[in-house]
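S.K.: I'd like to go over a predicted model; first the sequence, then the structure.
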Amino acid sequence: MKTKNLIATTLGFAVLAGAAALAQTKPEDTEVWTPTPPKVAPAKDAGGAPSDAVVLFDGRGLDQWVASQDKSPAGWTVADGVIIVNKARGNIETKRSFRDYQLHLEWRIPADIAGAGQARGNSGVFLASTGPRDQGYEVQILDSYENATYVNGQAGSVYKQHPPLANASRAPGQWQTYDIIWRAPVFGADGALAKPATVTVIHNGVLVQDNAVLAGETVYIGKPTYKAHGPAPIKLQAHGDPSAPISFRNIWVRELAPRP
């Protein structure tokens, strides 16, 4: 009985002490005023770029892009304000390199697309291009509206690693959007992996990758692995499937401060 009374008394003192401390706390004690976040003017129109973005394609030309293979001028076609993939000219990538960023791009599968599975509007965005061909970390682009394929290879997947959380694909002929948050891998001075890459993807307004942790760079056969690298270009894929080429528009990127 004495033990119970002692516990009750102790708890009572703790409650009183907590109430006294709360009474001495002012609202402003938990207000943070500095540093103030930088001002960023949002886009005026849907798909437009915010004020601090690097515009990678605004409908006029490919001056921000080069051929991945040899860094020559990008050989894809620009017509009517959109980029049309030229498969014969290979992948293209940004002239600039980036580490962590927010990326917006819009893409369209041709309305008259033919083929099936991976041979139906296949392309991809490589979030860090680490080589001239298909090296890097790929978010898949594909007609997945009514087109069966392996789920870690459909639109919105981190290719061969993470299936999308939902199939948010629109029908061929309609424009689709990707909004991507990319956190690059971190390597130590010895080249060893210190922190893996992560990616969040919103496809047509639907969350399809939620801070997914990557096991390494994209590979078609085998298991992904990491190799040390720094900031890298963003790459768009000219896949060799026989279907009609897809189109891109409204591409911009906001650089983010590195993770602590």
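M.R.: Sure thing, it's come through. The structure displayed is predicted, hence computed values, not measured ones. Numbers count the residues shown, from 1 in each chain.

S.K.: where does the chain have low pLDDT?
M.R.: 1-22 (pLDDT under 70).

S.K.: all helices for it, in order.
M.R.: 2-24 (DSSP state H).

S.K.: what's in contact with stretch 51-59?
M.R.: Residues from elsewhere that reach stretch 51-59, judged by C-beta atoms under 8 Å, 6 or more residues apart in numbering: 38, 40-42, 49, 64-65, 78, 81-83, 94, 96, 104, 234, 248-255. (Glycine included, C-beta is placed from N, CA and C.)

S.K.: inside strands: which ones of the residues you listed?
M.R.: 65, 78, 82-83, 94, 104, 248-255 (DSSP state E).

S.K.: tell me the buried residues within those.
M.R.: Burial by neighbour count, 16 or more other C-beta atoms under 10 Å: within the ones in strands among the contacts of stretch 51-59 this picks out 65, 78, 82-83, 94, 104, 248-254.

S.K.: same list (the residues you listed) but as JSON lines, adding distance to D241.
M.R.: Shown next, in JSON lines, are those (distance: C-beta to C-beta, whole Å):
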{"residue": "W65", "distance to D241": "22"}
{"residue": "V78", "distance to D241": "22"}
{"residue": "V82", "distance to D241": "20"}
{"residue": "I83", "distance to D241": "18"}
{"residue": "T94", "distance to D241": "24"}
{"residue": "H104", "distance to D241": "25"}
{"residue": "F248", "distance to D241": "17"}
{"residue": "R249", "distance to D241": "21"}
{"residue": "N250", "distance to D241": "24"}
{"residue": "I251", "distance to D241": "22"}
{"residue": "W252", "distance to D241": "27"}
{"residue": "V253", "distance to D241": "27"}
{"residue": "R254", "distance to D241": "32"}
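
S.K.: which members of those are the farthest-apart pair?
M.R.: The two members of these with the most space between them (C-beta to C-beta) are V78 and R254, at 23.2 Å.

S.K.: who's in contact with A119?
M.R.: Contacts for A119 (C-beta under 8 Å, 6+ apart) come out as D241, P242, S243.

S.K.: what's the local residue count around the last one?
M.R.: It refers to S243. 22 (other C-beta atoms under 10 Å).

S.K.: what does the one 3 residues further on give?
M.R.: Counted with other C-beta under 10 Å, residues neighbouring I246 total 26.

S.K.: who's in contact with it?
M.R.: With contact set as C-beta under 8 Å, 6+ apart, I246 has these partners: I84, V85, W107, R108, I109, P110, G121, S123, I141.
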